[in-house]
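[1] Okay, here's the prediction I keep looking at, along with the sequence it came from:
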Amino acid sequence: MGKARTVGIGMDYSATSKSALRWAIDNLIEAGDQMIIIHVRSPKSDPTNKQLFADTGSPLIPLEEFKEANVSKQYGLTPDPEVLDLLDTVSKTKGAKVVAKIYWGDPREKLCDAVEHLKLDSLVVGSRGLGIIKRVLLGSVSNYVVTNATCPVTVVKGTPLPKP
């Protein structure tokens, strides 16, 4: 076992972001690592404390607090039982420290900001698998992050993995 690492997981509760989370748990996370679940909310969303944390994102939210529905709702999130179960399991079985952080803005920029602010050793994101036309028009978050992040980025793509 080497030095404990800080690994970010981009999470929007889509099937591919859940696959990225499963992949990170199965292939990357080791005992003592810190997992930071990074949510990027639309700047149009309006939770009560958004203005307070607009530039820096929310404080780190420990898993025990994040599992409480009222805490997630404060940040404009709807808790996902499957994701919370995966996080709880990795915390207990691998001894990883799990926290969440919420940003508001463009996911491409905010995920790259998170790499810097949180001093991530690695970032794992899902890929929606946009076709060429949509990727050109909408831009690919994963492509932008791979190109601009200052840490290794793993993109988990393709169809969602089956549940274990």
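    The structure has been received and is ready for your questions. Residues are numbered from 1 along each chain as shown.

[2] Count residues in the vicinity of Val156, would you?
    23 (other C-beta atoms under 10 Å). Just so you know, the C-beta spots here come from the backbone N, C-alpha and C atoms, and that holds for glycine as well.

[3] Now it: closest residue in space that isn't a chain neighbour?
    The spatially closest residue to Val156, leaving aside those adjacent along the chain, is Ala20, at 4.0 Å (C-beta to C-beta, 6 or more residues apart in numbering).

[4] just the helices in the chain please.
    For the chain, the helices defined by DSSP state H occupy 15-27, 63-66, 69-74, 81-94, 107-117, 132-138, 141-148.

[5] can you redo those helices as a markdown table with mean pLDDT, distance to Val125 and mean neighbour count?
    Below are the helices of the chain laid out as a markdown table (pLDDT from 0 to 100; distance: least, C-beta to C-beta, whole Å; neighbours: other C-beta atoms under 10 Å):
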| stretch | mean pLDDT | distance to Val125 | mean neighbour count |
| --- | --- | --- | --- |
| helix 15-27 | 92 | 6 | 20 |
| helix 63-66 | 92 | 19 | 16 |
| helix 69-74 | 82 | 21 | 14 |
| helix 81-94 | 94 | 15 | 15 |
| helix 107-117 | 93 | 7 | 19 |
| helix 132-138 | 48 | 15 | 10 |
| helix 141-148 | 87 | 5 | 18 |
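
[6] nearest residue to the residue most central in space within the chain other than its sequence neighbours?
    Geometric centre of the chain, nearest residue: Gly10, 2.5 Å, by C-alpha atoms, centre = their mean. Leaving aside its chain neighbours, Gly10 sits nearest to Val125 (3.9 Å; criterion: C-beta to C-beta, 6+ apart).

[7] Then Pro107?
    Leaving aside its chain neighbours, Pro107 sits nearest to Val40 (4.2 Å; criterion: C-beta to C-beta, 6+ apart).

[8] Return the distance of that neighbour relative to Gly57.
    Remark: distance between Val40 and Gly57 (C-beta to C-beta, to the nearest Å) = 9 Å.

[9] can I assume Ser14 is in contact with Gly126?
    Yes - with contact defined as C-beta atoms under 8 Å, Ser14 and Gly126 form a contacting pair (6.5 Å).
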